[in-house]
Each structure stands twice: as structure tokens, then as C-alpha cells.
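Asks: Okay, here's the prediction I keep looking at, along with the sequence it came from:
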Amino acid sequence: MKAIKIIIGIVIALVAVLAIAIFIGLKNLDSLVEMAIESVGTDVTKTPVMVDGVTIELTDGRGKIQGISVKNPAGYTTENAIHLGQILLEIEPASIADDVIVIKQLTVNGAALTAEHKGLADINLQQIYDNITADSGKTPKDPAPTTARPDVRFMLEKVSFTNMSLDLLSTEFGERQLSMDDIQLSNLGDRQTGLTAEELANVLLTPVVDAARKKVNNELRNKAKEKLQENLEENLSDDDKQTLDKLKSWLDK
């Protein structure tokens, strides 16, 4: 009888300890996710990443990130290169206990990108893109697990970037706003092996930054051609201008 009481006491104590551990873990979950995003994001982009706020409701399988800011590399005047607006997560609750956490839907609404062009060809988004993709061809190295960077893997079933904006600031060509199409991604990682936090940050940021830098590069090339043509025409004689007009007419046919 005494032995049974001792066993029951031990079980109750273990349950109490487990309950306390779960409570502490859930209580600090938001701050842990925030630290993980900032730590991993900074490693991937090679520039500081800051999070405005995180709210995770595991029982509902939902989460919200108020905003993520990717700071500009050194040497640029604006503070942020990228600010991801409200981010909504739909998590598969049963996967929390598995090796791979499944995020069924991730929606980023209102991402704002600021492209800064200076000198001949220095563009902040190009530099960030180069930083993100620098290690993409190498064998990934899993970081040692820490409180801020837990040793977990992820799968994303659906990802949506909507209502994005792109501002171009150029010392040579002035300021303008460029349009950005919505981006839809699916099945990033799998349920067996998943993606590390670094791999996940890479596959999420790369298509957005890539689309923005291509828009910017095309715009800058077109503006450079226009300026070159204007300078060329200013130094042409009337006969040369007529010849150039005829050539343009022929090329446009």
C-alpha cells in the first residue's frame, strides 16, 4: 500500500513538472519565435532583421507576425530594404510534436520593398539577393540548436505574397514606384525531412527579392538608354537626326 502511494506521488509530481514546463514553454513561445526569426534572418541576408511582434496560438493552429524588417546593407541611406507587413500562419497542430512542423498556409500581405540605386550599378536589393543565394549551391550546415534557434524543420504547403509595393530611389534617375505581381508558392519542403530554418528563410525571400531586383534592373536599363539617346541626339546635326528617325521607324516595323 505504501509503495502504491509512493508511485502515485511520483506520477503526480512528474505530471506537475511536465505541466509547468509546458506552461513556461507556451508562455515564452512568442518571444522564442521572434528571436529565431531575427537570428536566422540576419544570418541569411547578412544584414540585421527585426520583428515587430509575434502571436502564436497553438491550440487554434494559428499565428500572426506583425511585421519583419530587413535592414539595408551598410552604405545606403534608407533604413529598411524590405518590410514584410502582416504575416498570417495556419499551422497543422498535430505536426507540432513531429520532426517536421507543417505550415498549411502562410500569407504575407503588404510587403514593402525599397530599392536604392547609387553610383554606376550599386543596388541594395542586388546585394541582399547575392547574400541570400551565396550559399545556395553548398551543402547546408545545420546550426547548433539554441534557445533562439531550435533544431526543428518545416514544410510549407501554400505561401502567398499579396499587395506588394516597390519604391525605386536613384541618385541618377530620381524616385518612382514600380508594380509588383503577387507571388504564390507551394510545397516548400516535405513531411519527411522538411527544411531547416535557414533553408526556409532562403526559399521564402529569394523569389520576392529576385522579382524586385529584376524589375529595378529593367527600369534602370531603360532609363539609362533614354538618357544616352537624349545626350546623343543633343549632339547630332539635323541630317543625322533625320537619319536616326528613319532608322527608328524601320526598327519599329
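Replies: Structure received. Residues are numbered from 1 along each chain as shown.
Asks: Show the model's pLDDT score for the residue nearest the centre of the chain.
Replies: Nearest to the mean C-alpha position of the chain, by CA atoms, centre = their mean, lies L205 at 3.4 Å. pLDDT recorded at L205 is 93.
Asks: give me the element it is part of.
Replies: helix 197-234 (DSSP states H and E).
Asks: and that helix, how far from the chain's centre?
Replies: How far helix 197-234 lies from its chain's middle: 17 Å, per CA atoms, centre = their mean, to the nearest Å.
Asks: buried set for that helix?
Replies: With burial defined by 16 or more other CB atoms under 10 Å, the residues of helix 197-234 counted as buried are 197-205, 208-209, 211-213, 215-217, 219-220, 223. The way it works is simple: take the backbone N, C-alpha and C, and place the C-beta from them, glycine included.
Asks: which residues of the stretch 51-200 of the chain score low on pLDDT?
Replies: Filtered on pLDDT under 70, the stretch 51-200 of the chain yields the residue ranges 135-151.
Asks: which one is G85 nearest to, not counting chain neighbours?
Replies: G110 (3.1 Å; CB to CB, 6 or more residues apart in numbering).
Asks: how far away is that neighbour from M180?
Replies: 11 Å (CB to CB, to the nearest Å).
Asks: what residues are shared contacts of these two?
Replies: Shared contacts of G110 and M180 (CB atoms under 8 Å, 6 or more residues apart in numbering): M164, S165.
Asks: higher neighbour count, those two?
Replies: M180 (19 against 15; other CB atoms under 10 Å).
Asks: Shouldn't the more buried one be within a helix?
Replies: No - going by DSSP: H, G, I helix; E, B strand; the rest coil, the assignment for M180 is coil, not a helix.
Asks: For it, list the residues it contacts.
Replies: L113, M164, S165, L166, A211, A212, K215.
Asks: Include distance to G53 when you put these into a markdown table, please.
Replies: Listed next are the contacts of M180 as a markdown table, based on distance: CB to CB, whole Å:
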| residue | distance to G53 |
| --- | --- |
| L113 | 21 |
| M164 | 21 |
| S165 | 21 |
| L166 | 25 |
| A211 | 27 |
| A212 | 25 |
| K215 | 30 |
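Asks: out of the residues you listed, who's nearest L106?
Replies: M164 (14.7 Å; CB to CB).
Asks: Could you pull up the contacting residues of that closest one?
Replies: M164 neighbours (CB under 8 Å, 6+ apart): G110, A111, A112, L113, M180, D181, D182, I183, V208.
Asks: go again using 6 Å as the cut-off
Replies: The neighbours of M164, taking CB atoms under 6 Å, 6 or more residues apart in numbering as the test, are A111, M180.
Asks: Phi first, then psi, for it.
Replies: phi -80, psi 150 (degrees, to the nearest 10).
Asks: What segments of this protein are strands?
Replies: Counting by DSSP state E, the segments of the chain that form strands are 49-51, 54-57, 62-65, 68-71, 80-84, 86-91, 100-109, 112-118, 122-123, 153-162, 165-170, 174-178, 183-188.
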